[in-house]
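Peer 1: task: produce atomic coordinates for the following.
(one chain, ligands or ions: 1)
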Amino acid sequence: MNDPMGVGPSGKKRILTGIRPTGPLHLGHYAGALENWVRLQREYECYFLIADYQVSDFADDISRVRDAVWEVALDWLGVGLDPEGSSFVIESLVPEHAELTTWLAWFLPVGMLERNPTLKAEMEAIENPEDGKTKGRSVPVAFYTYPVMQVANILMPRAHLVPVGEDQLPHIELTRETARRFNREFKPIFPEPEALVGRVPRLVGTDGNAKMSKSRGNTIDLKDSRETVAKKVRGMYGGPPRGMNEAGKVDENPIFLYLDAFDPDHALVAELKERYEKSGVGNKELKERLTLVLNELMDPFRERRAKYEANMSLVREALEHGTKRGRAIARETMELVRDALDLNYLGRY
Ligand code: TRP
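Peer 2: Just a heads-up that it's a prediction; the model follows:
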């Protein structure tokens, strides 16, 4: 192999990114990450990972994970990821991820993990659930290893770029530190990957909460029907109560955050905002506009998804072929890692 950090036979730099299979994906995933994946998929050699080693929180409900693997694949196909040009990889079917995790665990200090703010917040949430009613669980060992595994995920295809949501940035920083250390102490084989956050780093939920998330039940899912979208938008939080034709503050009404994020007609949104602050615009009008805009964005998702749902063997092929390609580059990297760490014990005699 020429330069392990450089481009391979495709002549393209590599992307690795992933999502945990926990259920259907929503507009927050789209605006925060998926949109970038679709945009960059031809420019880069892409590995899109379904991170099923990373769902220890659903260990008591594996059937949900299994269903979600297919859901995620369908959502990806729906938004327009091309499973031939890029690789859909099921993480646990590339066991090299577990292997590299074990080697990396030799070198990464626990303190590095403890400083990771995403991890801290998640552990806190496990021990003290947000609703304050359910009793907390104890933190599984997998919680200490999953950030190491995420580093292994990114290093595995020797990725140059990691397009993700904002909450994933600490993991990428950890990956960069790891790549630097490994390259310095052993052999230079890993590019130091860059993070790329989407246009809308954090989308508010339909209830006005700062983050759209399944656990809060405030999502608009990529697979929602036109009617479901209309219903969810009708039920959206639209700022503090106002009388008919009463002016309001744009930044108190999250519907505008959605229009900013998704309405391609910027002039119209600017006009609505101006009118809203001067003479008032009813939430009904804003919601009708938003429904139209979202359904127009999502119609092509629905069409593509329906095509695949009618022929699930195509989805299986996408997963099979992608995972095979993911494994091929993983094997290549593990050769490099074993060589760098000088692990060829049997070569001695
Ligand atoms: N932690 C990511 C999430 O919760 C999923 C993920 C796993 C990932 N491995 C990754 C993201 C590697 C980017 C790169 O969605």
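Peer 1: for the nearest residue to Leu27 once chain neighbours are set aside, what are its contacts?
Peer 2: Once flanking residues are discounted, Leu27 sits nearest to Ile220: 4.8 Å by C-beta to C-beta, 6 or more residues apart in numbering. All C-beta spots, glycine's among them, are computed from the backbone N, C-alpha and C. For Ile220, the contact set (C-beta atoms under 8 Å, 6 or more residues apart in numbering) comprises 26-27, 206, 212, 229, 232-233, 294.
Peer 1: switch to 10 Å and redo it
Peer 2: Residues near Ile220 by C-beta atoms under 10 Å, 6 or more residues apart in numbering: 26-28, 30, 203, 205-206, 212, 228-229, 232-233, 236, 258, 290, 294, 298.
Peer 1: next: Gly32.
Peer 2: 26, 163-168, 197-203, 212, 261.
Peer 1: try 8 Å
Peer 2: 164-166, 197-198, 200-203.
Peer 1: cool, Leu259 as well?
Peer 2: Counting by C-beta under 8 Å, 6+ apart, Leu259 makes contact with 269, 272, 286, 289-290, 293.
Peer 1: just those: which are in strands?
Peer 2: Among these, none falls in strands (DSSP state E).
Peer 1: got these as a markdown table, with pLDDT, neighbour count and distance to the ligand columns?
Peer 2: Formatted as a markdown table, these follow (pLDDT from 0 to 100; neighbours: other C-beta atoms under 10 Å; distance: C-beta to the nearest ligand atom, whole Å):
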| residue | pLDDT | neighbour count | distance to the ligand |
| --- | --- | --- | --- |
| Val269 | 98 | 19 | 30 |
| Leu272 | 97 | 20 | 33 |
| Leu286 | 97 | 22 | 31 |
| Arg289 | 98 | 20 | 31 |
| Leu290 | 98 | 23 | 26 |
| Val293 | 98 | 20 | 26 |
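Peer 1: in the stretch 1-150 of the chain, which ranges drop under the pLDDT threshold?
Peer 2: 1, 131-133 (pLDDT under 70).
Peer 1: which of the contacts of Ile220 count as buried?
Peer 2: 26-28, 30, 203, 205-206, 212, 229, 232-233, 236, 258, 290, 294, 298 (16 or more other C-beta atoms under 10 Å).
Peer 1: out of the residues you listed, who's nearest the ligand?
Peer 2: Gly28 (11.0 Å; C-beta to the nearest ligand atom).
Peer 1: picking that back up, and the buried ones among the contacts of Gly32, selectable in ChimeraX?
Peer 2: To isolate the buried ones among the contacts of Gly32 in ChimeraX, judged by 16+ other C-beta under 10 Å, type:
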select :164,165,197,198,200,202,203
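Peer 1: which ones among the contacts of Gly32 map onto strands?
Peer 2: Using DSSP E, the contacts of Gly32 in strands are 164, 197.
Peer 1: can I get the contacts of Gly32 in a markdown table with distance to the ligand and pLDDT?
Peer 2: Listed next are the contacts of Gly32 as a markdown table, based on distance: C-beta to the nearest ligand atom, whole Å; pLDDT from 0 to 100:
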| residue | distance to the ligand | pLDDT |
| --- | --- | --- |
| Val164 | 5 | 96 |
| Gly165 | 7 | 92 |
| Glu166 | 11 | 91 |
| Val197 | 12 | 96 |
| Gly198 | 13 | 94 |
| Val200 | 16 | 94 |
| Pro201 | 14 | 91 |
| Arg202 | 14 | 92 |
| Leu203 | 14 | 95 |
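Peer 1: between the contacts of Gly32, which sits nearest Phe107?
Peer 2: If you rank these by distance to Phe107 using C-beta to C-beta, Val164 comes first, at 23.5 Å.
Peer 1: list the contacts of that closest one.
Peer 2: Contacts of Val164 by C-beta under 8 Å, 6+ apart are 17, 32-33, 171-172, 195-197.
Peer 1: burial check on Glu45, number of neighbours?
Peer 2: Neighbour count of Glu45, defined by other C-beta atoms under 10 Å: 24.
Peer 1: up against the ligand, what does the protein have?
Peer 2: Residues of the chain lying close to the ligand (C-beta under 6 Å from any ligand atom) are 16-20, 49, 51, 54, 150, 153-154, 162, 164, 168.
Peer 1: among those, name the ones in strands.
Peer 2: 16-19, 49, 162, 164.
Peer 1: list just the nearest of those residues to the ligand.
Peer 2: When those are compared for distance to the ligand (C-beta to the nearest ligand atom), Gly18 wins out at 3.5 Å.
Peer 1: beta partners of the closest one?
Peer 2: Leu49 (DSSP bridges).
Peer 1: ok, it touching Glu91?
Peer 2: Yes: taking C-beta atoms under 8 Å as the definition, Gly18 is a contact partner of Glu91 at 7.2 Å.
Peer 1: between these two, which one's more packed in?
Peer 2: Between Gly18 and Glu91, Glu91 has the larger neighbour count (other C-beta under 10 Å), namely 25 against 22.
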